[in-house]
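Student: Need a 3D model of the following:
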Amino acid sequence: MRNGKSRSWLDRRHVMGILAAGAAMVFTAGAMAAPDEAARKLLPDDIKQKGLLIAAMPLDFEPFNYLDAQNAQMGLDVDLFNAIGDVLGVKTEIQRMGFASIVPAVKGGRVDVGMSAMGILEARLPLVSFVRYGHFSNGLIVKKGNPANVRNDQGCGAKIAAEKGTQPLFLWQKIADKCAADGKPKPEITIFDGKGPQVLAVESGRADAAAVGYATAIVAAKHSDGKLQAAPGGPVPGGTVECGIAFAKDRSQLGDAMKAALDVLVANGTYDKLFAKWELSEERAPPAVVK
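Tutor: Here you go, the predicted structure:
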């Protein structure tokens with residue numbers, strides 16, 4: 001939770017994470033943008049009264065949201081969520097949660113919002129609404145040297161490791177259907193909980209490639225000590241989707257407030273600066289509420 005009394009001693013990029021047992025909570029501090037009264041007025045009364053906005057993130061999804069070696073929360077989603085809180089004049093709290101649990105937690109009211117470069121998909125829209133803030137492209141992580149010769153644009157017949165409940169999983173299931181329709185072998189998809197097990201499956205040879213975000217594939221390769229690389233072939237065709245911040249269907253005021261806050265961040269340049277900071281400028285999209 002950001003400290004409203006004194007913020008000068010905290011570096012925004014190195015806010016320490018405090019992990020509790022079970023659903024870990026990470027608190028943040030430091031201002032990025034000035035409060036905007038017009039946006040704040042749109043907030044639901046309960047959030048204004050408690051002065052706190054709670055988000056669920058997996059914190060394992062570099063460069064969008066993750067914990068660094070010092071257990072500090074990092075990434076575009078973390079910075080952008082905190083900036084939204086600053087504009088709305090509320091403190092922010094991030095609860096660490098597995099990706100597949102985020103939509104149920106938002107829908108059930110356990111958290112206010114969910115954020116993790118989450119694709120705005122038809123399968124999710126009956127459950128939650130979104131505030132669009134960017135795009136999400138897909139890619140594959142393969143072993144160094146790419147021994148299975150897998151490409152982002154040629155995955156038929158490959159052994160693909162995918163994370164439960166994620167947009168890359170949905171995409172590769174569609175690709176599997178297309179491969180079959182074209183008379184080609186379907187990719188063999190194995191589903192894992194978390195991105196760590198996905199990568200281990202590739203390293204151990206249980207899978208030819210791990211299905212992740214395009215940016216994540218590049219980052220994972222960089223941190224693999226030469227064990228992994230991003231698959232060639234550009235972003236996976238047909239796999240670029242809009243991504244957004246999930247909020248409950250009966251919380252339209254909250255969605256309007258967050259969209260207004262993003263509009264402020266776009267206008268004052270913070271939005272562009274944060275995307276550039278994380279080398280994700282190509283993934284920007286105009287803020288919009290999607291119900």
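Student: Residue 132 is in contact with residue 247, isn't it?
Tutor: No - using CB atoms under 8 Å, residue 132 is not in contact with residue 247, being 11.9 Å away. The C-beta positions use only the backbone N, C-alpha and C, and glycine is treated the same way.
Student: what about the two, which has more around it?
Tutor: Neighbour totals were compared for residue 132 and residue 247, and residue 247 leads with 28 against 18 (other CB atoms under 10 Å).
Student: Please confirm that that one is located within a helix.
Tutor: No - using DSSP: H, G, I helix; E, B strand; the rest coil, the assignment for residue 247 is strand, not a helix.
Student: Would you mind confirming that it makes contact with residue 131?
Tutor: Yes - counting by CB under 8 Å, residue 247 touches residue 131, with 6.9 Å between them.
Student: list the residues that contact both of the two?
Tutor: Residues touching both residue 247 and residue 131 (CB atoms under 8 Å, 6 or more residues apart in numbering) are 255, 258.
Student: in this structure, which ranges drop under the pLDDT threshold?
Tutor: Per-residue confidence for the chain (pLDDT under 70) gives these ranges: 1-32.
Student: domains for it, by residue range?
Tutor: Annotated domains of the chain cover 12-136+242-290, 138-230 [automatic domain parsing].
Student: closest one to residue 236 among those domains?
Tutor: Residue 236 lies closest to domain 138-230 among the domains of the chain, at 4.0 Å (CB to CB).
Student: now the helices for the stretch 151-291 of the chain?
Tutor: Counting by DSSP state H, counting those that start in this stretch, the segments of the stretch 151-291 of the chain that form helices are 167-181, 195-204, 214-222, 252-267, 270-277.
Student: Select, out of these, the one closest to residue 242.
Tutor: Judged by CB to CB, the one of the helices of the stretch 151-291 of the chain that comes nearest to residue 242 is helix 167-181, at 10.4 Å.
Student: Provide a list of residues in contact with residue 62.
Tutor: Going by CB under 8 Å, 6+ apart, residue 62 touches 74, 75, 216, 219, 220, 223.
Student: Also residue 262?
Tutor: Taking CB under 8 Å, 6+ apart, one finds 84, 131, 133, 271, 287 in contact with residue 262.
Student: how does it look with 6 Å?
Tutor: Contacts for residue 262 were tallied using CB atoms under 6 Å, 6 or more residues apart in numbering; they are 133, 287.
Student: Can you pull the phi/psi pair for the spatially closest residue to residue 185 that is not a sequence neighbour?
Tutor: Nearest residue to residue 185, sequence neighbours excluded (CB to CB, 6 or more residues apart in numbering): residue 157, at 3.8 Å. Phi and psi for residue 157, reported as degrees, to the nearest 10, are phi 80, psi -10.
Student: quick one: residue 157 from residue 110, how far?
Tutor: Distance from residue 157 to residue 110, counting by CB to CB, to the nearest Å: 41 Å.
Student: Run a quick neighbour tally on residue 233.
Tutor: Neighbour count of residue 233, defined by other CB under 10 Å: 15.
Student: swap in residue 43?
Tutor: Using other CB under 10 Å: residue 43 sits among 22 other residues.
Student: Surely it touches residue 256?
Tutor: No - contact criterion CB atoms under 6 Å: residue 43 and residue 256 do not qualify, at 9.0 Å.
Student: how near is residue 246 to residue 114?
Tutor: For residue 246, the distance to residue 114 - CB to CB - is 4 Å.
Student: Need the residues touching each of the two.
Tutor: Shared contacts of residue 246 and residue 114, defined by CB under 6 Å, 6+ apart, are found at residue 106.
Student: quick one on the thing from earlier: out of the contacts of residue 62, who's nearest residue 237?
Tutor: Distances from residue 237 to the contacts of residue 62, taken by CB to CB, are shortest for residue 216, at 17.7 Å.
Student: which ones are touching that closest one?
Tutor: By CB under 6 Å, 6+ apart, residue 216 has no neighbours at all.
Student: So residue 148, which state does it fall into?
Tutor: What three-state DSSP gives for residue 148 is coil.
Student: leaving aside the residues next to it on the chain, what's closest to it?
Tutor: Spatial nearest neighbour of residue 148, excluding adjacent residues (CB to CB, 6+ apart): residue 208 at 3.8 Å.
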